[in-house]
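Visitor: Kindly generate the corresponding structure for this input.
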Amino acid sequence: MGWLFGRHRKSQAEKTLEELQRQPTTAGRFDLPESEPLASPPDPVGPSVTPDDSSAPSVGTEFAMRIDNKFSITGRGLVLTGTIDSGSVRVGQQVKILRQQYGPTAPATVLAIESFRKARDTARAGEEIGLLVRGLSRDDVNAGDRIVG
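Guide: Numbering: from 1, shown residues only. This next block holds a predicted model:
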């Protein structure tokens with residue numbers, strides 16, 4: 001188990017290794033019957049998810065977001081917050097508001113995108129964001145309306 005006054009004493013593991021190395025080998029051959037598989041296939045875990053699953057946010061479709069809240073910033077514009085349901089949005093993109101009662105509004109332009117106090121150029125489905133838009137007033141939008149683009 002270590003050194004003894006400058007002379008090395010072999011551990012039990014070293015002795016066993018030397019003994020195994022002295023025995024003749026079969027050059028990598030295994031004595032397993034051919035009918036017995038080496039491993040069984042894994043059991044499926046949980047339900048399989050299909051692309052048609054409507055609970056998952058979809059990416060690559062038209063941008064859509066339900067408005068949770070609205071804030072007016074003097075000199076900047078209107079900030080609309082919510083979670084993106086589908087698609088993606090980028091700075092400079094034209095969007096419309098689909099109001100619950102009065103139909104769509106005039107197009108608005110996305111000036112900035114923010115997520116958790118970080119400025120972003122784009123945002124995708126499933127992300128919580130705030131959109132700074134130009135061309136809308138606070139009275140044009142209500143919580144529950146949808147932004148599409």
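Visitor: From now on I want contacts and neighbour counts done on CA atoms only, so please keep to that.
Guide: OK.
Visitor: Secondary structure element holding the closest residue to Gly130 other than its chain neighbours?
Guide: Excluding its sequence neighbours, the residue lying closest to Gly130 (CA to CA, 6 or more residues apart in numbering) is Thr81, at 4.3 Å. Thr81 belongs to strand 77-86 when elements are defined using DSSP states H and E.
Visitor: And that strand, what does it pack against?
Guide: On a contact count with 3 or more CA pairs under 8 Å, 6 or more residues apart in numbering; DSSP states H and E, strand 77-86 meets strand 64-73, strand 128-134.
Visitor: The longest one pairs with which strands, and in what direction?
Guide: It refers to strand 64-73. Partners of strand 64-73 in the sheet, by DSSP bridges, are strand 77-86 (antiparallel), strand 146-148 (antiparallel).
Visitor: And the shortest one, by the same measure?
Guide: Using DSSP bridges, the strands paired with strand 128-134 are strand 77-86 (antiparallel), strand 108-115 (antiparallel).
Visitor: Could you find the closest non-adjacent residue to Pro104?
Guide: Of all residues beyond its chain neighbours, the one nearest Pro104 is Leu98 (4.4 Å), with distances taken as CA to CA, 6+ apart.
Visitor: Out of the strands paired with strand 128-134, which one sits most buried?
Guide: strand 77-86 (a mean of 22; mean count of other CA atoms under 10 Å).
Visitor: tally of neighbours for Lys10?
Guide: Using other CA atoms under 10 Å, Lys10 has 12 neighbouring residues.
Visitor: if I look at it, how far off is Ile73?
Guide: Going from Lys10 to Ile73 by CA to CA, to the nearest Å gives 78 Å.
Visitor: Where does Glu19 sit: helix, strand or coil?
Guide: helix (DSSP: H, G, I helix; E, B strand; the rest coil).
Visitor: so how far is Ala13 from it?
Guide: In terms of CA to CA, Glu19 sits 10 Å off from Ala13.
Visitor: Same question for Glu114.
Guide: Glu114 is 61 Å from Ala13, by CA to CA.
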